[in-house]
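J.: Have a look at this fold, sequence not included:
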């Protein structure tokens, strides 16, 4: 993914607007500088023409050999006689040759820019040559003034540049705020979509007020969610109805096979009956799990009572005295959560059944509590772990085992009669109680970790975890 695709829409709009504003502000500043420079130069030329005209008029009215030259620090004047000799000049050019080599021409006046020369190195002046006639001879009056620099005036250039920068910053900031405000409904739609799942399909995204593209998008999303909800409800209803209706024929088939086995005690009949009963057991387990999933998907109401996870785990472990694996329990007392005891018991049963199928010799069950600042766990976390010493589960397949009817090759080899729904049901029960169920790293075997929100009335300071071992 390149850098362009990593940039957010708000950043793109802000960047684009800032670049365009900078270009336009620069062009505007340049145009203004050129225009004002042209106006200032034109005004200066007219002024120099006026000065040279006034001096030429005085030359033509020359009286008693004296003409007053109105020079200044930036205006220089020279009077040149018909022989090309400077007969009068302002103080800055006194003793210097004529400032220009061109004359007034046939029109009596001519202007040009003269660089270097009498003005000094790297200096340019606007020079106007004006014709003056005295005693039937043509005299020349030169008037000059330094050219207007491209920046016109340092203060003006600074003001114009500062204004351009302020304009770019203001336009960029406004564009950023407008983009954020315009896309704020998109953020609300995204957050709502992130929270919509199979347990709450009736939720809808907020529709912005007004007729705009985002409003039309929100309406389309809501229409799509409505259609998906209808399809999900029909699917759940079908699974529930099919699971419920399959129970009766399965029970009837079981009764027929058992009666046939009792009526015909031959060995062949018993072997056939046991094989059929085994298949019926698996079919019955699948139907039962499907019915449980259908109820969970439909969001069936459950109890919300305080449940001590340590007592629940101790009771479940106590019912497994017949298993061939060693069950080690490390139970911290008074780890209480709010939930449905039957469903949490089903979750723990499924985890222990899975551990029994894959453990080599030992299953470890632990219950403890921990502090947490994560969202959804305001009073801390109740942690239940089920660890087996089996081959474990590869990292890239840890989420696959929670999918419905997903069974790894190792699971199929160890237990061909499994349904592939136990872990999916366990995770769904955990999520329905506001918790999580994941497979985490372990030194040996698979480590299933259940995290549930602790009940707020639970004392956070408890005794040290107790230990007990069962076989």
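T.: Thanks, I have the structure now. Given the structure is predicted, the values throughout are model-derived calculations rather than measurements.
J.: Tell me, how many residues neighbour residue 147?
T.: Look at residue 147: counted by other Cβ atoms under 10 Å, it has 18 neighbours. C-beta: built from backbone N, CA, C; applies to glycine.
J.: Equivalent analysis for the one 5 residues further on, please.
T.: One way to gauge burial is a neighbour count; for residue 152, by other Cβ under 10 Å, it gives 17.
J.: for the chain, what spans make up the strands?
T.: Here the chain has its strands, by DSSP state E, at 76-80, 86-89, 109-115, 124-134, 137-146, 305-308, 326-331, 336-339, 362-370, 381-388, 436-440, 447-453, 466-470.
J.: Pick the most buried one from the ones you listed.
T.: Of the strands of the chain, the one with the most neighbours on average (mean count of other Cβ atoms under 10 Å) is strand 76-80, at a mean of 25.
J.: what's that one packed up against?
T.: helix 9-60, strand 86-89, strand 137-146 (3 or more Cβ pairs under 8 Å, 6 or more residues apart in numbering; DSSP states H and E).
J.: Go ahead and name everything in contact with that strand.
T.: For strand 76-80, contacts defined as Cβ atoms under 8 Å, 6 or more residues apart in numbering pick out 51-52, 55, 59, 67, 69-71, 86-90, 92-93, 98-99, 125, 132, 139-145.
J.: ok, now with 7 Å
T.: Residues outside strand 76-80 that contact it (Cβ atoms under 7 Å, 6 or more residues apart in numbering): 51, 55, 59, 67, 69, 71, 86-90, 92-93, 98-99, 139-144.
J.: do stretch 49-57 as well
T.: 69-70, 75, 77, 109, 128, 130-132, 141, 143.
J.: buried ones in it?
T.: Residues 49, 51-53, 55-56 are the ones in stretch 49-57 that count as buried (16 or more other Cβ atoms under 10 Å).
J.: related to what we said a few turns ago, right, so of the strands of the chain, which gets closest to residue 14?
T.: strand 436-440 (37.6 Å; Cβ to Cβ).
J.: Check the offset of that closest one from the chain's centre.
T.: Strand 436-440 sits 27 Å away from the centroid of its parent chain (Cα atoms, centre = their mean, to the nearest Å).
J.: next one: stretch 205-223
T.: 21 Å.
J.: buried ones in that stretch?
T.: Buried-residue list, stretch 205-223, by 16+ other Cβ under 10 Å: 205, 207-208, 214, 217-218, 221-222.
J.: Compute the first-to-last residue distance for that stretch.
T.: 10 Å (Cα to Cα, to the nearest Å).
J.: For that stretch, which outside residues touch it?
T.: 185-186, 188-189, 192-193, 204.
J.: Pick out the most distant pair among those residues.
T.: 186 and 204 (15.4 Å).
J.: My guess is residue 128 contacts residue 111. True?
T.: Yes - contact criterion Cβ atoms under 7 Å: residue 128 and residue 111 qualify, at 4.7 Å.
J.: Please tell me the pLDDT value assigned to residue 282.
T.: In this model, residue 282 is scored at 67, pLDDT.
J.: again with residue 159
T.: 93.
J.: just residue 356 next, same as before
T.: Reported pLDDT for residue 356: 88.
J.: Please name the residues that touch it.
T.: 323, 325, 363.
J.: Just the residues contacting stretch 128-148, thanks.
T.: 37, 40-41, 44, 48-49, 51-53, 55-56, 59-60, 62, 74-82, 98-100, 102-104, 108-111, 113, 123-127.
J.: Could you tell me which residues make contact with residue 81?
T.: 87, 139.
J.: so how far is residue 139 from it?
T.: Distance of residue 81 to residue 139, given as Cβ to Cβ, to the nearest Å: 6 Å.
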